[in-house]
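Enquirer: Model the following, please.
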Amino acid sequence: MKFSLALICFMFVNTLICQKGPLEDMLWKEAGGRIDISEEHGGQYEIIDDAKNGYLKVAFTEEGCGCYTETTVGAFKNSSGVYTTLQTKWDACSWSKKVSSNKGLHTILPENFGLRTFLPKSDSTEYQITSSVFFLDAEVPQKGTDTRISLSYIPFGINMTPDDHILSYGYELKEGHGGANYLYQEELQDMLRKISDENTLQCIIEKTPENIISKDREIVEKLFGEGKKYNSIEELALQVQQIKTIYEISKDIEYKSVVLGWNREEGRFYIKEKIKKDASELSFLEFIKQFSFLKAVC
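Expert: As a prediction, the model looks like this:
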């Protein structure tokens, strides 16, 4: 009897090892391959290898300027024992976030899932803006399968074609034009965080800098004119007007995040819970001081 029990225990443990191996290999493959942390990589790794829960996180902080990258992979099993992966990749110094899967994202996310899930008014409202404002930021769970998707702002200055299903963002060079789809905004951010009067923003939009209070006018006038960041008040006004439009769109946000459950039978996520936006309404100046900007990277 003791022998039989020991044999059963051995077989059970052996089965777990056999199951863990392939899943662990799959997670590492999705993350880009195994890493030998004993080797010199020019920085420090933080790794959470939790294959038994179908979870892997690989973070790296570079020496020097401290650039941070993070890849997280989660595995979700269907009723046939086949795994679907959901992966997030964040490169902080390259201003990019990406969500991907070993299957088409549209086949595993709820049907018609997109920005309209968070901004129902976007179905009936035509916003006057030429670049995407938001992306959907996924949080891969280490325990369980509930997955939170949050509505987040694409850093201002990254210009991407408006899309209702943006789950990734990033800048890229435009071939043949010698340019890129991003514009560093550190000086603009610095100005907007230093001004103190709500009316200053409206004066910039109306192109009447003479009406700005003296303390704020000194700050604003450092930004436009010959040899400065913007050639004219008109160029500066265009930037502030874009942010004003983003502010107006933000007022229509109804849900700040959505929790997705996992349907094993269908091998697909479904909307389990919608979480209402609970923040109090901000003035334009308050909003702009906490807004996401694109700054110079290391």
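Enquirer: Identify the residues contacting Cys139.
Expert: One thing to correct before we go on: residue 139 is Glu, not Cys. 88, 147-150 (Cβ atoms under 8 Å, 6 or more residues apart in numbering). Where you see a C-beta, it was placed from the backbone N, CA and C, and this is true even at glycine.
Enquirer: Specify the beta-bridge partners of it.
Expert: On the basis of DSSP bridges, Glu139 is bridged to Arg148.
Enquirer: Make 41 the first number, not 1, from now on.
Expert: Sure, I'll start numbering at 41, so the last one becomes Glu179.
Enquirer: and it, how far is that from Leu241?
Expert: Glu179 is 33 Å from Leu241, where distance means Cβ to Cβ, to the nearest Å.
Enquirer: and what of Val122?
Expert: For Val122 relative to Leu241 (Cβ to Cβ), the value is 53 Å.
Enquirer: more neighbours, the two?
Expert: Under the criterion of other Cβ atoms under 10 Å, the comparison of Val122 against Leu241 puts Leu241 first, with 24 against 10.
Enquirer: ok, Leu278 - how many residues close by?
Expert: Residues lying near Leu278 (other Cβ under 10 Å) number 14.
Enquirer: Now do the buried residues in the one helix or strand it maps to.
Expert: Per DSSP states H and E: Leu278 is located in helix 273-290. Across helix 273-290, burial judged by 16 or more other Cβ atoms under 10 Å covers 273, 276-277, 279-284, 286-287, 289-290.
Enquirer: which helices and strands sit right next to that helix?
Expert: Of the remaining helices and strands, those touching helix 273-290 by 3 or more Cβ pairs under 8 Å, 6 or more residues apart in numbering; DSSP states H and E are helix 226-234, helix 238-245, helix 324-329.
Enquirer: and Trp130, what element?
Expert: Per DSSP H and E: Trp130 is located in strand 123-131.
Enquirer: Just give the number of residues close to the closest residue to Ala132 other than its chain neighbours.
Expert: In this structure, Ala132 finds its nearest non-sequential neighbour in Tyr108, 4.4 Å apart by Cβ to Cβ, 6 or more residues apart in numbering. Neighbour count of Tyr108, defined by other Cβ under 10 Å: 15.
Enquirer: okay but Tyr108 is in contact with Cys133, surely?
Expert: Yes: counting by Cβ atoms under 8 Å, Tyr108 does reach Cys133; the two are 7.2 Å apart.
Enquirer: Show me the common contact partners of these two, please.
Expert: Going by Cβ under 8 Å, 6+ apart, residues that sit against Tyr108 and also against Cys133 are Glu102.
Enquirer: before we move on, back to that, just name the most buried of the helices and strands packed on helix 273-290.
Expert: helix 238-245 (a mean of 19; mean count of other Cβ atoms under 10 Å).
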